[in-house]
Structure formats: structure tokens, C-alpha cells
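Engineer: One predicted model, sequence on top.
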Amino acid sequence: MDFSQLKRSSNASLNKLTEELGKLNSPKQERQEDTRFWKPTVDKAGNGYAVIRFLPAPAGEDIPFVRLFDHGFKGPSGKWYIENSLTSIGQKDPVGEYNSYLWNLSTDDNSPSRKQARQQKRRLHYISNIFVLQDPANPENDGKVFLFKYGKKIFDKLNDLMNPSFPDEEPINPFDLWAGANFVLKIRNVEGYRNYDKSEFQKPTALNEDDSILEKIWNSEHALQTFLAPENFKSYDELKSKLNAVLELAAAAKAKAVEEEAPWTKEDSAPTFKSSNPAFNSSDDDEDEDDGMDFFNKLKAS
């Protein structure tokens, strides 16, 4: 652009700058979508269909999935708490500790404190590499490698294949390129929620008969362990401060004028309450038992 063009475009430049400033200042500005992730598409009725193949661990890693916990809820302040949980990396998390505190305030499962604990429960996610075989709603995705985030319902189907319930069933590694199985993802809308019960694995088969093609697919995978890197998690103190702000915990404690200040409101100290009730579980969907890890530990040892 020369000087004369700069002069002629002065008004247009102002309009462009104003538009960009509006985007930056908008409180509803959306995060840039990570194009590495594949998401199934559903129709107006909430139904969706696709065929995918779960892929083995990427180069330099041992496990073909990572497990992540997060929290997402709105407080009385009108603010949202949407953060990764430190329990994903084996550390204490302030929301989990506060939920345990709420749970132990009552023995009544229908009490306000226990209802709040359930509303603030952690959510379980898994992330794996997949190869898209059929995506009827987005055929341009066919034949490509993506990351796929999914929940316990789908992982249970993976786990069932790896750890069959009956002695006449052979365990199958669904992440194997040669002896794995394609996964038919069938999504339905059941009472307003996505339901994956009809999803199923096909018979075991090689993803492709040509090893050179399989190697190319494997080399196209994305790293998984990076999702568990410390920089993807805020510190305990940062999360605690945000939780206090979202739930207005310090203000609520002061308003009640309690004789002894609740330990949670002390910004310079960690909360002292912990769950003494082993029955507390933050969610029916976030059970973190072996989750198929035994199967992969056996593979690594063999």
C-alpha cells in the first residue's frame, strides 16, 4: 500500500479497527475452536451417526488416552466457574474439598448442601486420537486423524471390549491398528440428553492392509500427554480465589456473622475440611476406578 492508498482507505481503516475493538471488548467473545478435535454432528432431532477408529498411543507415549476432570457451574454472583480440576494430575482441588465440606454438612441426600455439591460435581472426559472412517454430516472429515473428547459412557464400551465379562470372550484392544475394531457411533436424544447406548464395535479387522498407510496415520497423531502438562492447570490458590469469588463464600460467611470464621474464607490458608464420608462421590459419571488402565499396564509389561 502506497501513501495515496493509505489516505483513500482512512475511513475504512477506522471502521475495521472499530469492529476489531468491539470483538476484543465483547464479554461473550468465544474461544477459538481447536480444529484438531472432531465432534459428531447431530440433526434437529438430536440423532447422529459416524464410524471412527480409536488409534494407538502416539509416538513417545504409552497410553492411547488421557483422563481429565473439570468443573463447570454458575454461582450466585452470576459468574461461571469453568476450570480444569487439579485431581486430573493427582493434586488436591479446592472445589472437590469444598464439595466434601458441603456433603458432610448434612446426612440428608436431598439437603441444599448436598444438592449444591452435586451441581458442582467434577466432570470426566477422555481424549484419544481417532481416524474418521465415515462422517456423513461432514464427509470432508473422512480419512483424517483427529482428537476426540468423550465421556464415561463411551469409555465403558472401550473397557468392556478390553475386559470382557465372560470367560468365552476374548479381550480386544480397540486401539490396535491391526486387531482393533471400528466403532459405530450412534447418538440419540433421550429426555434432552445425548445417549450413546446403541453405539457398538464392529468385528475386529485391520484399519488398512497396507502398513505404509497405517504408519502414515500413526505419524499423523497428536500428542496426548500435553493435556496433563502443569501449564494447563491453574494453581490451587488461584482456583480457590476464583471459587470464593464465584460462590461469594467470604461475603456469605461475613453476612452470617459466625462466631468462628469458616476456614474456607481465609485467603492465606488452605481449607481444613476434608471428606470424612466415603460415600460422597462428586458424580455418578466420574467414577475413577481402574478405567481399563490394568489392560494397558499388562500390555506394557508383556
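Structural biologist: Looks like it arrived, so ask away. Numbering: from 1, shown residues only.

Engineer: which residues of this protein fall in helices?
Structural biologist: For the chain, the helices defined by DSSP state H cover 3-8, 10-25, 94-103, 112-119, 152-162, 211-219, 236-247, 249-256, 293-301.

Engineer: Tell me what angle the fourth one forms with helix 94-103.
Structural biologist: If I follow you right, that is helix 112-119. Between the axes of helix 112-119 and helix 94-103, defined by axes from the mean of the first three to the mean of the last three CA atoms, to 10 degrees, the angle is 150 degrees.

Engineer: pLDDT of helix 112-119, averaged?
Structural biologist: For helix 112-119, mean pLDDT is 96.

Engineer: Can you name the residues bridging to F146?
Structural biologist: I130 (DSSP bridges).

Engineer: Counting neighbours, what do you get for N159?
Structural biologist: For N159, the neighbour count with other CB atoms under 10 Å is 19. Every C-beta, even on glycine, is put in place using the N, C-alpha and C of the backbone.

Engineer: for T107, same thing?
Structural biologist: 10.

Engineer: Kindly report the same for L161.
Structural biologist: L161, neighbours per other CB under 10 Å, totals 24.

Engineer: wouldn't it be in contact with A181 here?
Structural biologist: Yes - counting by CB atoms under 8 Å, L161 touches A181, with 7.0 Å between them.

Engineer: Find the residues that touch each one of those two.
Structural biologist: Contact criterion CB atoms under 8 Å, 6 or more residues apart in numbering; residues shared by L161 and A181: 172, 174, 201.

Engineer: In strands, which of those appear?
Structural biologist: Within those, residues falling in strands by DSSP state E are F201.

Engineer: Nearest to E97, out of the shared contacts of L161 and A181: which one, please.
Structural biologist: Among these, P174 lies closest to E97 (CB to CB), at 35.7 Å.

Engineer: how far away is the closest one from D197?
Structural biologist: Separation of P174 from D197 (CB to CB, to the nearest Å): 17 Å.

Engineer: Can you pick out the residue with more neighbours from these two?
Structural biologist: Comparing P174 with D197 by other CB under 10 Å, the one with more neighbours is P174, at 24 against 11.

Engineer: Now do the end-to-end distance for stretch 195-203.
Structural biologist: 22 Å (CA to CA, to the nearest Å).

Engineer: what residue is smack in the middle of the protein?
Structural biologist: Centroid-nearest residue in the chain, with CA atoms, centre = their mean: H125, separated by 3.5 Å.

Engineer: what pairs with it across the strands?
Structural biologist: Bridge pairing for H125 (DSSP bridges) gives the partners L68.

Engineer: which residues does it contact?
Structural biologist: The neighbours of H125, taking CB under 8 Å, 6+ apart as the test, are 67-70, 149-151.

Engineer: Also P58?
Structural biologist: 129, 218, 221-224.

Engineer: Swap in 10 Å and give it another go.
Structural biologist: Neighbour list for P58: 64, 129, 145, 218-225 [criterion: CB atoms under 10 Å, 6 or more residues apart in numbering].

Engineer: P204 touches L177, doesn't it?
Structural biologist: No - the pair P204 / L177 is not scored as a contact, 11.3 Å apart, by CB atoms under 10 Å.

Engineer: between these two, who's got more neighbours?
Structural biologist: Higher neighbour count among P204 and L177: L177, with 19 against 16, using other CB under 10 Å.

Engineer: in terms of contact, does that one touch K216 like I think?
Structural biologist: No - if you go by CB under 10 Å, L177 and K216 don't touch, sitting 11.3 Å apart.

Engineer: shared neighbours of those two, anything?
Structural biologist: Joint contacts of L177 and K216 (CB under 10 Å, 6+ apart) are N208.
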